[in-house]
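*Asks:* Would you be able to build a 3D model of this:
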Amino acid sequence: MIKQGLLQTLAQLGLTVILMVLSTQANSLSLEQQRQLFTDAKNAISKGQASQFLKIQTQLENYPLQPYLQYKFLLGKKNALNAVRLFLKNHANTPYARSLRNNQLALLASQHQWNTFIALYKHTSNTKLQCQYQWALHKTGNTEAALAGARQLWLTGRSQPAECDHLFTLLKQQKKLTSDLVWQRFGLAMRAGNVSFARYLKKSLPSSLTKKAALWLKVYHSPQTYLPQWKSWPANNQFQSEIFLRGLERLARKNPDLAVSLWNEGKQHFSFDASQQTHLVRQLALTLVRRRHPDALKTLFSLTEDQDNEDTRAWRVRSALLTQEWHCVNEAINRLTEQEKQTPRWQYWKARALAELGQHKASNKLYQKIADERDFYGFLAADQIKRDYAFNNSPIDVSTQSLKQLSQSWPFQAMKEFLTVGHELDARRLWWYTSQRLEQSELLAAARLAKQWGWDDVAIITAARAKHWSDMELRFPLAYKNQVLKHAAAVQLNPSLVYGVIRRESAFRANVSSRVGARGLMQIMPRTGRMLARKLNDRWRSARQLYQPEINLRYGTTYLKQLSDRYANNLAMVAAAYNAGPHRVDRWRPESQSIPADIWVEAIPFNETRAYVKAVLSYMSIYDHRLGGKGLRISAVISDIPPVNPMTDQSIKIAKK
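*Replies:* Reported below is the predicted structural model:
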């Protein structure tokens, strides 16, 4: 059917194509021949050689990547609606269907074929197409529905794409774009922090609202200047109440003392509902915590049960830990929810508090329970009672038949072919699309299959999706073993630490980039790589070098060694610095007296870094076990965190990661 649709398309395009290849001939081709034809077909598409492509694709009738080729061919084709519809019908359960539909809708919109657009349209998160759909409704006589849709699309705190302009003009022409709607959108933009867009909207406000908008903008930019003037504002005014609250949130980031003072002075003057007050009180309390303010713990304990949430409850315990007042720690833990109290994290701290309070029997009982877990807290608990770590290896049990059945299904055949012909990104896209639609048993089989293919990061993530955490070989692979051992030895680092960092940073994907531009196995920033190249007398060509495992491991281990030297091999600080930068680690160190490392890790202000340090330290112990080590314990690689001593702590000039 798709062949017929393509022929119709080509006929509409005015092309003459002679198809001489029979399906029996296609079936006789070897896989290697089909792969070469795949490459030829891709080249024909890129060169716009439609007749050549069609001639080739008839020889690939049973090749797993034929749907992908047809999708690529149809992208951007005008007057190809019949072929597109056939493709959508035959390949609805592929990741290509939605993309092709959206592409065809964009073409129909450019041709003003509005009836056809509506017939083909399906709800999408694509705002451009949403606006074009509402415009299509208007152009086909359903203006009321279009105006209702336009109103919904208008009410957002961000700028909408140009495809919405006609629709919003219609809203204005029909006198439906009221000043109230503009004001609502101004408020949405301010709440979202899109201040430049809010300024643009202010120009469309009537004079009666312009002054209010100007006040909001002033308070946003300079809360310390304008909030103290609250006494001159009208009492119990809903607008001024919101400005006061939102201004306090911004002020608290720079001057928490002034924010708390203004809140206590002015809260009776304004009109707030319970949720608004609760939100602000939480924000003020958490801001004091982040600033390590001396009143942070007192403020957290003053919160009512209604004002508490998961964050405030957790930080109440962490703030108490920083004081090492163990009665206070115990009280903070008792204010957790029953579900929270059962997690290994808080059970560990409950056990620590009980031990410090002299209740050793109860403490040891809790430690014994937690030590059965294979995680950071389980390992810390095992250290406390000098028990072996519980690695709890439980390989995924998948039958040979299940693996065979999965591997022979179209999506997995296509993924394997993508990998073979060097289209890894397409393979990944198809994997994630498919894995979202698998049952747990199929996910387990898929994880095992990815492991067989040497696709370690995909195997790790797929097993996690299946909630199977205990296949040690699969979740903690020993990829690049010879290179890791070589580069770790060259700088006298424990290879388990290197593996722990790789596992957390990239999960062994050598060609990955982060949002901020870190690259490769050990996720090295280009400027850090350039600095390390100079240090090592290497020639720096470009950031692409960091995708090469050999170079990435050489630079990553060198950087880890620098951090290890800086922090006297205290791996809690080393791991934190690798993630957040030495400048932040130094800022987080205590001011006067050393504190236990487990408390310091628990109180790291950044959620990401806190989780990172715990992961790297626990992974290090797991990798020591996998490498046949003698049982590396976390307590052996962390020690009390000392205060910054300006006489001895000289910052080394290394690029911040």
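*Asks:* buried set for stretch 268-277?
*Replies:* Within stretch 268-277, the residues scored as buried using 16 or more other Cβ atoms under 10 Å are 269-270, 272, 277. All C-beta atoms are positioned from the backbone trio N, CA, C, and that covers glycine.
*Asks:* Go ahead and name everything in contact with that stretch.
*Replies:* Outside of stretch 268-277, the residues that reach it under the criterion Cβ atoms under 8 Å, 6 or more residues apart in numbering are 230-231, 233, 235-238, 240-242, 244-245, 267, 280, 306.
*Asks:* ditto for stretch 329-343
*Replies:* Contacts to stretch 329-343, defined as Cβ under 8 Å, 6+ apart, come from residues 300-301, 308, 310, 313-314, 316-317, 319-321, 346-347, 349-350, 352-354, 356-357.
*Asks:* buried ones in stretch 191-206?
*Replies:* Applying a neighbour-count criterion of 16+ other Cβ under 10 Å, one finds 194, 197-198, 201-202, 204-205 buried in stretch 191-206.
*Asks:* quick check: mean pLDDT across it?
*Replies:* For stretch 191-206, mean pLDDT rounds to 96.
*Asks:* got the end-to-end distance for that stretch?
*Replies:* Start and end residues of stretch 191-206 are separated by 20 Å (Cα to Cα, to the nearest Å).
*Asks:* what sits up against it?
*Replies:* With Cβ under 8 Å, 6+ apart as the test, stretch 191-206 has contacts from 157-159, 179, 182-183, 185-186, 189-190, 210, 213-214, 216-217, 220-221, 246.
*Asks:* As CSV, the buried residues of stretch 268-277 with pLDDT, distance to Arg448 and secondary structure would be great.
*Replies:* Conversion of those to CSV gives the following (pLDDT from 0 to 100; distance: Cβ to Cβ, whole Å; DSSP: H, G, I helix; E, B strand; the rest coil):
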residue, pLDDT, distance to Arg448, secondary structure
His269, 93, 64, coil
Phe270, 92, 60, coil
Phe272, 89, 55, coil
Gln277, 91, 52, helix
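*Asks:* Spatially central residue in this structure, please.
*Replies:* Arg515 (8.9 Å; Cα atoms, centre = their mean).
*Asks:* thinking again about what came up before, which of the contacts of stretch 191-206 are buried, as a ChimeraX select command?
*Replies:* Per 16+ other Cβ under 10 Å, the buried members of the contacts of stretch 191-206 correspond to this ChimeraX selection:
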select :157,182,183,185,186,189,190,213,216,217,220,246
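*Asks:* what about the residue nearest to the centre of the chain, distance to Glu608?
*Replies:* Arg515 is 12 Å from Glu608, where distance means Cβ to Cβ, to the nearest Å.
*Asks:* which stretches of the protein form strands?
*Replies:* Under the criterion DSSP state E, the chain carries no strands.
*Asks:* what's the domain layout of it?
*Replies:* What the record gives for the chain is the domain set 2-91, 316-385, 400-469, 481-636, from automatic domain parsing.
*Asks:* quick one: low-confidence parts of the stretch 201-350 of the chain?
*Replies:* Residue ranges of the stretch 201-350 of the chain with pLDDT under 70: none are present.
*Asks:* Helices of that one, start to end?
*Replies:* If you assign secondary structure with DSSP state H, counting those that start in this stretch, the helices in the stretch 201-350 of the chain sit at 207-221, 223-226, 238-254, 256-266, 274-290, 296-302, 310-323, 326-334, 338-341, 344-356.
*Asks:* list the contacts for the nearest residue to Ile599 once chain neighbours are set aside?
*Replies:* Nearest residue to Ile599, sequence neighbours excluded (Cβ to Cβ, 6 or more residues apart in numbering): Leu321, at 4.8 Å. For Leu321, the contact set (Cβ under 8 Å, 6+ apart) comprises 329, 349, 599, 602-603.
*Asks:* Next: His166.
*Replies:* 131, 135.
*Asks:* before we move on, what about Leu497?
*Replies:* Under the criterion of Cβ under 8 Å, 6+ apart, the contact partners of Leu497 comprise 488, 560, 571, 574, 616, 620, 637.
*Asks:* among those, who's most crowded?
*Replies:* When the contacts of Leu497 are compared by neighbour count (other Cβ atoms under 10 Å), Val574 ends up highest, at 29 neighbours.
*Asks:* and the nearest residue to that residue once chain neighbours are set aside, how far is that from Leu478?
*Replies:* Here the nearest residue to Val574 in space, its sequence neighbours aside, is Leu563; by Cβ to Cβ, 6+ apart that works out to 4.7 Å. Taking Cβ to Cβ as the measure, Leu563 falls 24 Å from Leu478.
*Asks:* Looking at these two, which one has more neighbours?
*Replies:* It is Leu563, of Leu563 and Leu478, that has more neighbours when counted by other Cβ under 10 Å, with 22 against 16.
*Asks:* Give me the distance between that one and Ala597.
*Replies:* For Leu563, the distance to Ala597 - Cβ to Cβ - is 15 Å.
*Asks:* cool, and Asn62?
*Replies:* With the distance defined as Cβ to Cβ, Asn62 ends up 60 Å from Ala597.
*Asks:* of those two, who's got more company?
*Replies:* For Asn62 and Ala597, the more surrounded residue by other Cβ under 10 Å is Ala597, and the numbers stand at 22 against 11.
*Asks:* list the contacts for the more buried one?
*Replies:* Going by Cβ under 8 Å, 6+ apart, Ala597 touches 570, 572, 638-641.
*Asks:* Next up, the contacts around the closest residue to Arg101 other than its chain neighbours.
*Replies:* Using Cβ to Cβ, 6+ apart and skipping the chain neighbours, the partner closest in space to Arg101 is Leu88 (6.0 Å). Counting by Cβ under 8 Å, 6+ apart, Leu88 makes contact with 97, 100-101.
*Asks:* can you map out the helices along the stretch 551-657 of the chain?
*Replies:* In the stretch 551-657 of the chain, the segments counted as helices under DSSP H, counting those that start in this stretch are 571-580, 582-588, 597-602, 607-626.
*Asks:* Adding distance to Ala463, write those helices out as JSON lines.
*Replies:* Listed next are the helices of the stretch 551-657 of the chain as JSON lines, based on distance: least, Cβ to Cβ, whole Å:
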{"stretch": "helix 571-580", "distance to Ala463": "24"}
{"stretch": "helix 582-588", "distance to Ala463": "32"}
{"stretch": "helix 597-602", "distance to Ala463": "26"}
{"stretch": "helix 607-626", "distance to Ala463": "15"}
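*Asks:* will you turn those into a markdown table that also has distance to Leu553 and mean pLDDT?
*Replies:* Shown next, in a markdown table, are the helices of the stretch 551-657 of the chain (distance: least, Cβ to Cβ, whole Å; pLDDT from 0 to 100):
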| stretch | distance to Leu553 | mean pLDDT |
| --- | --- | --- |
| helix 571-580 | 14 | 98 |
| helix 582-588 | 21 | 96 |
| helix 597-602 | 26 | 98 |
| helix 607-626 | 15 | 98 |
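*Asks:* and those, which is most packed in?
*Replies:* The highest mean neighbour count among the helices of the stretch 551-657 of the chain, using mean count of other Cβ atoms under 10 Å, belongs to helix 571-580: a mean of 26.
*Asks:* one step back: which one of the buried residues of stretch 268-277 is nearest to Leu403?
*Replies:* Distance from Leu403 was checked for each of those by Cβ to Cβ. The minimum falls on Gln277, at 57.0 Å.
*Asks:* What is the burial count for Leu300?
*Replies:* The criterion is other Cβ under 10 Å. On that basis, Leu300 has 26 neighbouring residues.
*Asks:* Then Glu473?
*Replies:* The local packing of Glu473 (other Cβ under 10 Å) involves 13 other residues.
*Asks:* Do a quick rundown of the helices in the stretch 401-550 of the chain.
*Replies:* 410-420, 424-435, 440-452, 456-465, 472-475, 481-490, 495-505, 526-535, 549-566.
*Asks:* Would you tell me which of those gets closest to Lys77?
*Replies:* Among the helices of the stretch 401-550 of the chain, the nearest to Lys77 by Cβ to Cβ is helix 424-435 (20.0 Å).
*Asks:* Buried residues in the closest one, which are they?
*Replies:* Going by neighbour count (16+ other Cβ under 10 Å), the buried part of helix 424-435 is 426-431, 434-435.
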